[in-house]
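In: Provide a 3D model corresponding to the input given below.
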Amino acid sequence: VKLPLEGAAASVDITSTSGATVDTASTTTGSNISTEQFSNFPTQRTVQGLYTIAPTVARSGLRDSAGRDRDPSVGGSSGPENNYILDGVNTTDPAFGGSGANLPFEFIQEVEIKTGAFGAEYGKATGGIFNVITKSGGNEIRGDAFAYFSTKSLVRETKNFSNTGAAPNGFSELDAGFDIGVPIMKDRHWFFGAFNPQRRKNFFLTQTFRQSAENEVTTPFYAGKLTWAANQNNVFTFSTFGDFTKVDGFILGPIQGPGVVPTTGFGNNPDAFAGRLEAGGHNYALRLNSTITPNWIGEFNFGLHLQRANIIPLDTGRTTPFVNNNFAILRADGTVAQPTQSGINFGGTTGFVDYVHSPGGSLQRNYQTGPGFGQFTAQDRNRWETAARLQNIWGRHTFKYGFEFVRNDYSIDDRRSGENRTFPNPLGLLSEANDPTNNQTQGYQVTNNFAVCTTRTISGQATVVCPSAAATGRAALIATGANGFPGG
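Out: Numbering: from 1, shown residues only. Prediction:
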């Protein structure tokens, strides 16, 4: 049997492929990172740890109350020059800039980092824009539970110390929580909720004495979001999140602000360095995303950022004035040489001159005589904002426009430890209130500014050498009035 050959036809489709498409409509530089990506990144477990993933973004050296990195530098700018947006709420600190809120990984769906050439709808930044979107519920019930921990034995000990300031010496941490997303009504209403309490204990070694100190940081992170698709063209979203943080014990890093002396732990009473630090707060956002026409869309926002920044001393540290010595002499036996009251009045604005004479000791800085705590504060840093952002597509062109109203409220009550005191005013000097009788204070601070002089043998004679003519005159007056310094 012979079978004749029939003609056959075949078609081949060839698809031309190339690399990633270049967006020629935008000049913005930066990165977009989704939860599927950053869940596997070896970074800190908060959104602040993700910011340095983008090019040109680097650590700034700033840390939050728990010791984690915060407020990165973008293209050489400082940390407070960035703009931070979480779920449409501007969470930038209304007082001093920097991030005013933080959230853990499990709450985040996507992080958008803009490092340059971003649009006018962002602004208010000479650094970068960090736009964070939290997770939402869906038509399926989804959630997870998680727990992380670290013990002090897994953290290296401090080997090198700076000349001033306390040094961190390890920590232990427990970080556990859960999140869940559920449908209230499929295709219409969804809910997402998350709770992540974190507890961390920090250990320190104080300046000079290298004494052990510690504090405990607690942050009950929470987040919630309700989404309602009213119809195909309008979606309402209400979200809230918070990061109320408390630090109890040794206060190392005071809240950012003017006039606050960093804690060193170098003093005669540990109560002078202990208290409570309260930071963080809560946030609320209401948003409507609307497709008005196929070529006209809008986003309408209302946001509320409520942030606190409090430093609260112990009761014993509240009623005693803060006394700081710019210099102190540490004896060979580990004790600090105490000042001697000479009883000599130098006159002018100097008044009575005290001195410390302790040959063979080492010079140290910023010795505090406790238990006076010094400056403490109660601050509210709040922001109210509303905005409308609209976009029209006309042919090949896109037009964006809108308006924004922002109100920043910064309430600050700074005080000094110590009792109420009325200071003499024989010259009738005017206060800031233009009142010569307004010389009463609620607490006060004492700063002992010592000049450092040394004893040298010059031309066979023991001579006191001081850094200035004024200090030389005071030393000579003490030597004359006391008939020579004790011990030589």
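
In: for this structure, which helix is longest?
Out: helix 469-481 (DSSP state H).

In: and that one, what's its mean pLDDT?
Out: For helix 469-481, mean pLDDT is 82.

In: Using CSV, write out every CA atom in that helix.
Out: C-alpha atoms of helix 469-481 as CSV (Å, rounded to 0.1, in the frame of the first residue of the first chain):
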residue,chain,number,x,y,z
ALA,A,469,44.5,85.4,82.3
ALA,A,470,41.2,85.3,84.3
ALA,A,471,41.9,81.8,85.5
THR,A,472,45.4,82.7,86.4
GLY,A,473,44.1,85.7,88.5
ARG,A,474,41.7,83.5,90.4
ALA,A,475,44.3,80.8,91.1
ALA,A,476,46.7,83.5,92.4
LEU,A,477,43.9,84.9,94.6
ILE,A,478,43.2,81.4,96.1
ALA,A,479,46.9,80.7,96.6
THR,A,480,47.3,84.1,98.4
GLY,A,481,44.2,83.8,100.5
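
In: Just give the closest residue to Gln48, not the sequence neighbours.
Out: Leaving aside its chain neighbours, Gln48 sits nearest to Arg70 (5.0 Å; criterion: Cβ to Cβ, 6 or more residues apart in numbering). The way it works is simple: take the backbone N, C-alpha and C, and place the C-beta from them, glycine included.

In: The one you found is in contact with Arg59, isn't it?
Out: No - when contacts are counted by Cβ atoms under 8 Å, Arg70 is not listed as touching Arg59 (9.4 Å).

In: Pick out whichever of these two has more residues nearby.
Out: Legend: neighbour count by other Cβ atoms under 10 Å for Arg70 and Arg59, higher for Arg70 (22 against 14).

In: Which pLDDT value belongs to that one?
Out: Here the pLDDT value assigned to Arg70 is 85.

In: how about it, phi and psi?
Out: phi -150, psi 160 (degrees, to the nearest 10).

In: show me the contacts for it.
Out: Arg70 is in contact with 48, 60, 62-64, 79, 98-99, 102, counting by Cβ atoms under 8 Å, 6 or more residues apart in numbering.

In: And it, how far from Ala285?
Out: Distance, Arg70 to Ala285, by Cβ to Cβ, to the nearest Å: 21 Å.

In: Would you agree Pro321 is in contact with Gly372?
Out: Yes - using Cβ under 8 Å, Pro321 is in contact with Gly372, at 4.8 Å.

In: Tabulate the contacts of Arg70 (CSV), appending pLDDT, neighbour count and secondary structure.
Out: Shown next, in CSV, are those (pLDDT from 0 to 100; neighbours: other Cβ atoms under 10 Å; DSSP: H, G, I helix; E, B strand; the rest coil):
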residue, pLDDT, neighbour count, secondary structure
Gln48, 85, 23, helix
Ser60, 84, 22, coil
Leu62, 82, 19, coil
Arg63, 78, 16, strand
Asp64, 76, 22, coil
Gly79, 84, 20, helix
Gly98, 89, 20, coil
Ser99, 89, 23, strand
Asn102, 90, 24, coil
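
In: now, the most widely separated pair of those?
Out: Ser60 and Asn102 (15.1 Å; Cβ to Cβ).

In: ok, which stretches of the stretch 251-400 of the chain are strands?
Out: Along the stretch 251-400 of the chain, counting by DSSP state E, counting those that start in this stretch, strands occupy 274-279, 281-293, 296-308, 310-313, 322-330, 340-345, 352-355, 362-369, 375-394, 397-416.
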